[in-house]
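Q: Provided below for reference: sequence and predicted model.
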Amino acid sequence: MSKQTIRQFFTQFSDDDTCLQHLFNVRYGDNHECPKCNKAGNWPRLKGHKAFSCQWCGHHIHPMAGTIYQGSTTPLQLWFYAMFLFTKSRNGVSAKELERQLGVTYKTAWRIGHKIREHMARVDGDKPLGGAGKAVEIDEAFIGGYEKGATGGKGKAIVLGMLEKGGDIMTKVVPNRQEFTLFPHIAGNILPGSEIHTDELAAYKNLKHEITYTHKTVVHSKEEYVGSEGQTTNGIEGFFMHLKRAIEGTHIWVSPKHLAKYAKEAEFIYNRRKNQGAILTDLLTCFPKG
Ligand SMILES: [Zn+2]
């Protein structure tokens, strides 16, 4: 499935009512059983309200409740369009860009952007990686973009990345690169039987004693990029290069506090690289079921 064009998007979501009906359909659907009278039936739109009512007892359902749209006064079509813009850009969408494209205030644009990133993180979830016969690359990177006057790693935060070769990636923002910090993330998210590929960072040294994993190291200090047994961390390093480029190119600088959301956005997009149409479809359909 390929990405939608802008024309297809506006044909499908031609106005706010269509968007609200779409949201109702993906969360509740036809013949939804009423939580009040327990009868299944039709749910006609309630005139003048962003709600639908049970054909039997008149009970109301507000499909925006419990979603990222809850409490928002921004038209639903603009929210959908903002998501569409996220699927169109390779390096992310800045709040400034959303402000311009949606015609909303910068504050609203900033909030919409972050709500969408949080939504991406929830939709993507954290399914365990690896398993018997599978290899997982692990690496970390200092990320945060360019902060005026900052030197070295100042203003940046550390992102831990775990990438199943040929499969999904998972990112975690971590406070340091100590074994006691990184190991719980590894043990908690990588299945036993996995072959783990890392560089020679000290925190990974004890992985070789871990009977549940096989550990292979790439010795970057010897300019080795593919080890003698085929181990490599090129995949995860490529992901980090892209994430840094996106942040520096689009957002210039992001605070450590918000970094996890940008990492999750990149993770969500990466995990749909083989089915790009799913980027928008998942964003528009994966909401808590009614
Ligand atoms: Zn009812």
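A: Right, received. Where do you want to start?
Q: which residues in the stretch 101-250 of the chain form helices?
A: Applying DSSP state H, counting those that start in this stretch to the stretch 101-250 of the chain gives helices spanning 106-124, 179-189, 234-246.
Q: what's the closest of the ones you listed to the ion?
A: Checking those against the ion by CB to the ion gives helix 106-124 as the closest, at 29.2 Å. The way it works is simple: take the backbone N, C-alpha and C, and place the C-beta from them, glycine included.
Q: kindly format the C-alpha coordinates of the closest one as PDB.
A: Coordinates of each C-alpha in helix 106-124 appear next as PDB, following Å, rounded to 0.1, in the frame of the first residue of the first chain:
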ATOM      1  CA  TYR A 106       1.900  28.500  17.100                       C
ATOM      2  CA  LYS A 107       0.800  27.300  20.500                       C
ATOM      3  CA  THR A 108      -2.000  25.200  19.000                       C
ATOM      4  CA  ALA A 109       0.300  23.900  16.300                       C
ATOM      5  CA  TRP A 110       2.900  22.900  18.900                       C
ATOM      6  CA  ARG A 111       0.300  21.100  21.000                       C
ATOM      7  CA  ILE A 112      -1.100  19.200  17.900                       C
ATOM      8  CA  GLY A 113       2.400  18.100  16.900                       C
ATOM      9  CA  HIS A 114       3.100  16.700  20.300                       C
ATOM     10  CA  LYS A 115      -0.300  15.000  20.700                       C
ATOM     11  CA  ILE A 116       0.300  13.300  17.300                       C
ATOM     12  CA  ARG A 117       3.700  12.100  18.400                       C
ATOM     13  CA  GLU A 118       2.200  10.700  21.600                       C
ATOM     14  CA  HIS A 119      -0.400   9.000  19.600                       C
ATOM     15  CA  MET A 120       2.300   7.500  17.300                       C
ATOM     16  CA  ALA A 121       4.000   6.100  20.400                       C
ATOM     17  CA  ARG A 122       0.800   4.500  21.700                       C
ATOM     18  CA  VAL A 123      -0.200   3.000  18.300                       C
ATOM     19  CA  ASP A 124       3.300   1.600  17.700                       C
END
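Q: wait, doesn't residue 173 sit right on residue 158?
A: Yes. The pair residue 173 and residue 158 qualifies as a contact (CB atoms under 8 Å) at a distance of 6.9 Å.
Q: one step back: could you provide the helices of the stretch 101-250 of the chain in a markdown table, with additional columns for mean pLDDT and distance to residue 262?
A: Formatted as a markdown table, those follow (pLDDT from 0 to 100; distance: least, CB to CB, whole Å):
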| stretch | mean pLDDT | distance to residue 262 |
| --- | --- | --- |
| helix 106-124 | 96 | 7 |
| helix 179-189 | 95 | 18 |
| helix 234-246 | 93 | 7 |
